[in-house]
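>>> make a model of this:
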Amino acid sequence: MVFMDTETTGENVSELERLRQAVAERLYNSVGKAIQSAGKHDIYTALSLAVRDLLTERWRKTADAHYEANPKFTYYFSAEYMLGKQLEQNIHYTGLRKLAEQVAVEFGMSLQEFLDLEPEPGLGNGGLGRLAACFMDSLATLDLPAVGYGIRYEFGIFRQTFVDGWQVEQPDTWLLYGNPWEFVHSDDMIEVGFGGYTERIPDSGGRLRVRWVPAQRVLGEPCTTLVPGYGTDTVNILRLWRARAAEEFDFQMFDIGNYAQAVQQKVYSENISKVLYPNDGTPQGRELRLRQQYFFVACSLRDMIRRFRLRNQDWNEFPNKVVVQLNDTHPVIAIPELMRILLDEEGVSWDQAWWIAQRTFAYTCHTLLPEALETWPVSLFEYLLPRHLEIIYEINHRFLGQVRAHFPGDNSRVARMSLIDEQGGRQIRMANLASVGSFAINGVAALQSQLLREFTLSDFGAMFPEKFQNKTNGVSPRRFLLLSNPALCDLISAAIGDSWIHQTEALQQLEAFVEDAEFRRRWRAAKQQNKQLLAGFVRQSTGVWVDPNAMMDVMVKRLHEYKRQLLKLLHIVVLYQRLLDAPQREMVPRTFVFGAKSASGYATAKLIIKLINSVAEVVNNDPVVRDRIKVVFPANFNVTMGQIIYPAAELSEQISLAGKEASGTGNMKFALNGALTIGTLDGANVEIRERVGAENFFLFGLNAQEVMELKARGYRSFDWYANNAALKRAVDAIAAGAFSRGDVTLFRPLLDALLHHDEYLVFADFQAYLEGQDRVDRAYRDLEGWTRKSILNTARTGFFSADRTIQEYAEQIWKTQPVRVG
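Numbers count the residues shown, from 1 in each chain. Below you'll find the predicted structure:
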């Protein structure tokens, strides 16, 4: 069936009726409810299933087209996908929005009520997962054959709440009412082994072959979500694996009354897909993380090979039909797993297997932080994945022979490039394994890619310069402009048409309207509408009233010390102290909006969250400041909250220490929605500033080279504190308990780290940041000038579309071609 998004006239009454009937049929046949007794959630589910039916028909056509063309597929391996809600996106992509609005009314609801009912899938946490979701959207929109693989987490990372300002983790029960957007394919379950031992056995030709005999087996059950493209009939799939026990129930244990032990194996096995990024601060947590990573790549490779064999049999053709993009180091265990399948199960020789593997995998490195380059204890591999350890040893033996030939006598380089770190407890270096086993290595912003090649992975850059590329990240203009900011989209499309939805470079045409006073007025009106929506959301979620006329100064991102939420907080304390000194001081009113989760085991980050909330408590309740500054921190930042915040933001805080952020994508979302950036020359900030113009970007702070030089000279943070009166006063106020109800010990760990170490140079960049914020204050007073800058930010950031990024991957790394459907 095909639905058309047209005005409700005689020509499409039948379309409305067909949607109505489809919802009613799904209500009776799938939900099992009569219209008279159905609740709101029942009707939401029925509507979602009716929309999914339309996507399913497109998926069938896509599968037929792909089978006929037998193209090269991209298989995207990612530990997380931060999808966002699906209903609104899918009714847009199927052209059903107006019809859905009318059907909702006929069922006694509004469409917005349905949209609010939908939980956000708990499948991701931060930029890595949101990038993966944007890429899946762009792959389908560009008609590129692709499958995304990952884990179907039952409880996500966690649902963040605050108790007395402290982060408290609660289970994210996003699956409480089921998930109408997925198909569970129990018939396609795949068996995955762990532990055990290896043995050498002769094959039919008399050759010795290794056989792995696992001690434990777990089943991977695929859950398939449809991923439609915009403006096309292509529907790709996201296939996520749920862990199931091979033996769920021990009847003998149950029969003797040991009920807990009767289901122990089920609980133990299914823990694999319970939670995203379990706390790895314990040996059990580390083991669970490795189990997760191997589980998802083992299932995915099996499924990928099954798909390959639908039309192909020759293993030498494998790299011509398959490319696997490893989204960071989490899925890198796929390299030895493919080798194991080829060697032990398919009887392929080592040389041929390695030839295939090295032409199959491409690796994206998302970090410059050495501690973020994943390593695993050799002892854990010995226990959990003994065959894979043997394969890694053999890869390493052969590779180090090449290193010695390439760099004769350079033993220190050999030690650095080894897949095994022999120092301090033997560890397997997953980034090194990825660099050896992949045909391409890319960073995600120009600066990060340069630093990756020259510093983080410099030895591999010297040996394999041809492998290294840059692919600057991008975001989905559909999710973060079309769906998030309808007020601004209507204005943009009225001015330049709607081609920008597919070709975001068309936003450059907005530059012609910068000097149009009426257009600027309407631009401000759209921003003001979004600010009012944000103010309402803040009031509802935090209980704090904020002035929608104040500047919206926003910092929403994962909580990590290098992102420097502490620097932002020190600025707020300084402003607060200025107002205490001079309540009549002329200053632009500001609402500071934070959003961030800390990893559950990251004690320092959790203490920073407590400090932000403690400062907010004092500032928001002090009558002296008279609401001229407010600090708000809505809990549980996710895509849904981001779609409210990004359109309303006026100042985007991108203040990480230069040389630490890989790229960032929040910076792109803010700029696309017309926010101005205050930031360092870090990650994609560099490219954003180049494109929007230096005059439309508030730059401050040390650059990456200056950071390295300062540290090399010997950085003494205490001296910077002692020599800056505003900084000293702000730090001393925190130390004296001004924001902790007189408790002088609560925040001492944060202050001691800053005063005596300051790893991320908060104090060194403080004065430049303060001066940059004073420039922001002055610029904001010029209403027309600020609006011009806002328009230009949107007009000049079309480059940062995920469509452009994916096109570059397809052309320069994957060598894949689109397949049109229909």
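>>> tell me the first helix or strand C-terminal of the longest helix along the chain.
In the chain, taking DSSP state H as the definition, the longest helix is helix 40-69. Using DSSP states H and E, the helix or strand that directly follows helix 40-69 along the chain is strand 73-77.
>>> residues contacting the helix or strand following that next one, please?
Later in the chain than strand 73-77, the nearest helix or strand by DSSP H and E is helix 87-93. Helix 87-93 is contacted by residues 44, 47-48, 51-52, 55, 97, 100, 114-115, 118, 181, 228-230, 478-479, 482-483 when judged by C-beta atoms under 8 Å, 6 or more residues apart in numbering. Where C-beta positions appear, they are placed from N, C-alpha and C, glycine not excepted.
>>> returning to what we had before: packing partners of the longest helix of the chain?
Packing contacts for helix 40-69, counted by 3 or more C-beta pairs under 8 Å, 6 or more residues apart in numbering; DSSP states H and E, involve helix 13-26, helix 87-93, helix 97-106, helix 111-117, strand 216-228, strand 235-245.
>>> repeat the analysis, applying 10 Å as the threshold.
In terms of contacts (3 or more C-beta pairs under 10 Å, 6 or more residues apart in numbering; DSSP states H and E), helix 40-69 is packed against helix 13-26, helix 87-93, helix 97-106, helix 111-117, strand 182-184, strand 216-228, strand 235-245.
>>> so it versus helix 13-26, what angle?
Taking axes from the mean of the first three to the mean of the last three C-alpha atoms, to 10 degrees, one finds helix 40-69 and helix 13-26 inclined to each other by 110 degrees.
>>> out of the helices and strands packed on helix 40-69, the one nearest residue 149 is which?
For the helices and strands packed on helix 40-69, the distance to residue 149 is smallest for strand 235-245, at 5.6 Å, taking C-beta to C-beta.
>>> and the closest one, how far from the chain's centre?
Chain-centre distance of strand 235-245: 18 Å, with C-alpha atoms, centre = their mean, to the nearest Å.
>>> which one is residue 414 nearest to, not counting chain neighbours?
Leaving aside its sequence neighbours, residue 414 sits nearest to residue 403 (C-beta to C-beta, 6 or more residues apart in numbering; 5.3 Å).
>>> what about the helix or strand where the one you found lies, average pLDDT?
With elements taken from DSSP H and E, the one containing residue 403 is helix 386-406. For helix 386-406, mean pLDDT is 98.
>>> in it, which residues are buried?
Buried residues in helix 386-406, counting neighbours by 16 or more other C-beta atoms under 10 Å, are found at 386-393, 395-396, 399-400, 403.
>>> residues in contact with the next helix or strand after it?
Downstream of helix 386-406, the next assigned helix or strand under DSSP H and E is helix 411-417. Contacts with helix 411-417, where a contact means C-beta atoms under 10 Å, 6 or more residues apart in numbering, come from 396, 399-404, 406-407, 410, 421-423, 429, 432, 435-436, 457-460, 462-463.
>>> now swap in stretch 274-282 and tell me
Contacts with stretch 274-282, where a contact means C-beta under 10 Å, 6+ apart, come from 79-80, 82, 122-126, 129, 150-151, 153-158, 169, 171-172, 242-243, 267, 271-272, 284-292, 330, 599-603.
>>> show me how to select, in PyMOL, the buried members of those.
This is how PyMOL selects the buried members of these, with burial counted by 16+ other C-beta under 10 Å:
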select buried, resi 79+80+82+122+123+124+125+126+129+150+151+153+154+155+156+157+158+169+172+242+243+271+272+286+287+288+289+290+291+292+330+599+600+602
